[in-house]
Every structure is written in structure tokens, then in C-alpha cells.
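Q: Take a look and give me a structure for this.
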Amino acid sequence: MKLYQYGCSVSLGEEATTCYGKLIAEQYGYEFIQHSESSASNPHIALKFCETYSNITSQDFVIFGWSHPNRNSWYNKYENKWEHLNFIQQKKPGSVNTASVKDYVLHQNGDYIQYLHDWYPKHIVETTCKLNNLHFMHVDCVPGMVDVLMENKSKYIADHLHPNDEGHRYIHNLLQDELSRLI
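A: Down below sits the predicted model:
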């Protein structure tokens, strides 16, 4: 039995030594498979799942840790890799397309795009999971869980956004009722 986790840096456990998905896997005796990526957009999370779901069986469990709907991902053909919004934020400078992508993002965001980037990735993964009899759950990481953790920032947040180990343990606790219904 395996637990697959998809998401952004919050699900990845960036700025921590563990993550809530790994804690859940340990709790239920699953092998932990991490597919989260720093700054991944919701459409990219769904795409990553669609590229890998054929490895998942009905004995496994999938966690989708959703990111902020304003994030974007794109494939950089010059680097042969996916890039995410962090490049625009200049957390990881060096993208060939930073200026043009920054202009695009500044002028395309709005309520419609946010709704779309929240709805259709979840719809894609839910439909795929249901058609393939896969067990799954959604976790609203950004802004959802992060907002909850910010109420006690000094205890749960490692930097400006990311949960520390105690923050991941707290997320793990918050998910217990839903997990007991699903697993």
C-alpha cells in the first residue's frame, strides 16, 4: 500500500524535515511517494497526477494538496523542465522567460481565472480517481491551511509561508476526522 502526495511546497515540506503526507503514511502504514513540487500550480498538480496515476492501485491512497489558484506553471523548452511561479517572484531567478511571463500573469489574473484554476484541476483528478476506483482526499493548502497556521505563526510557520515540523503535525491533526472516514 502506498500513499501518493501531489501539491506545492507546503505539501512538499519545504522548510521542514517532514510533511503532513508523510505523517499520514506513517500513521496508516503506507509507503510514502512524494510528487509535490515547489510553487506548483493547481493545473500542474493535476497534470502530474494524470502522468502518474496508472501506477496507483485501489489499495493506495492519494492526497492532493492544492495551491493558490493564481499560480501558473509552464514548460521551458530551453531548459527542458517545468517552471512555476517562483521564477516570477524571483525566489529562483534565471528563467529565460521571466519578463514575458511576469507581464502575462500581471494582466491575466482575475476572479474567472482563480475560479477556473480551482475548479477544473480538482474536477480532472476527482473524475480520474472515481473512474479508476482510487481513494483520495483534497487538502486546501494555500491559502487554507496556511491561513490556519498563521493564527499562531511563531509556533507553526518556518518562514513567510511554509509550515515547520510542528505546523505539519498540526495539519496532520486537523485532517484526522476526514482521514478516519476515508481510510
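Q: just for this protein, where's the confidence low?
A: The model of the chain has pLDDT under 70 over residues 85-110, 113.
Q: can you point me to the longest helix in it?
A: Secondary structure of the chain per DSSP state H: the longest helix is helix 111-131.
Q: Run the chain-centre distance for that one.
A: Distance of helix 111-131 from the chain centroid (Cα atoms, centre = their mean, to the nearest Å) equals 13 Å.
Q: Where do the strands of the chain begin and end?
A: Along the chain, counting by DSSP state E, strands occupy 2-7, 31-34, 61-66, 73-76, 81-84, 135-140.
Q: so what secondary structure elements neighbour the second one?
A: Right, strand 31-34. Based on contacts counted as 3 or more Cβ pairs under 8 Å, 6 or more residues apart in numbering; DSSP states H and E, the elements that strand 31-34 packs against are strand 2-7, helix 20-28. Quick note: C-beta positions are derived from backbone N, CA and C, even for glycine.
Q: Figure out which of the ones you listed is closest to residue 167.
A: For residue 167, the closest of these is helix 20-28, at 8.6 Å, according to Cβ to Cβ.
Q: Ok, which of the helices and strands packed on strand 31-34 comes nearest residue 114?
A: Of these, nearest to residue 114 by Cβ to Cβ is strand 2-7, at 17.7 Å.
Q: got the buried residues for that closest one?
A: 3, 4, 5, 6, 7 (16 or more other Cβ atoms under 10 Å).
Q: what's the answer for stretch 164-182, then?
A: Judged by neighbour count (16+ other Cβ under 10 Å), stretch 164-182 contains these buried residues: 164, 165, 167, 168, 169, 170, 171, 172, 174, 175, 179.
Q: contacting residues around the fourth one?
A: Neighbouring residues of residue 168 by Cβ atoms under 8 Å, 6 or more residues apart in numbering: 13, 16, 18, 19, 20, 23.
Q: at 10 Å what do you get?
A: Residue 168 makes contacts with 10-11, 13, 15-23, 145, 149, 156, 158, 162, as judged by Cβ atoms under 10 Å, 6 or more residues apart in numbering.
Q: same deal with the third one?
A: Taking Cβ under 10 Å, 6+ apart as the contact definition, residue 167 lies against 10, 13, 15-16, 19-20, 145-146, 148-150, 152-153, 155-158.
Q: run the last query once more with 8 Å
A: Applying Cβ under 8 Å, 6+ apart, the residues near residue 167 are 16, 149, 155, 156, 157, 158.
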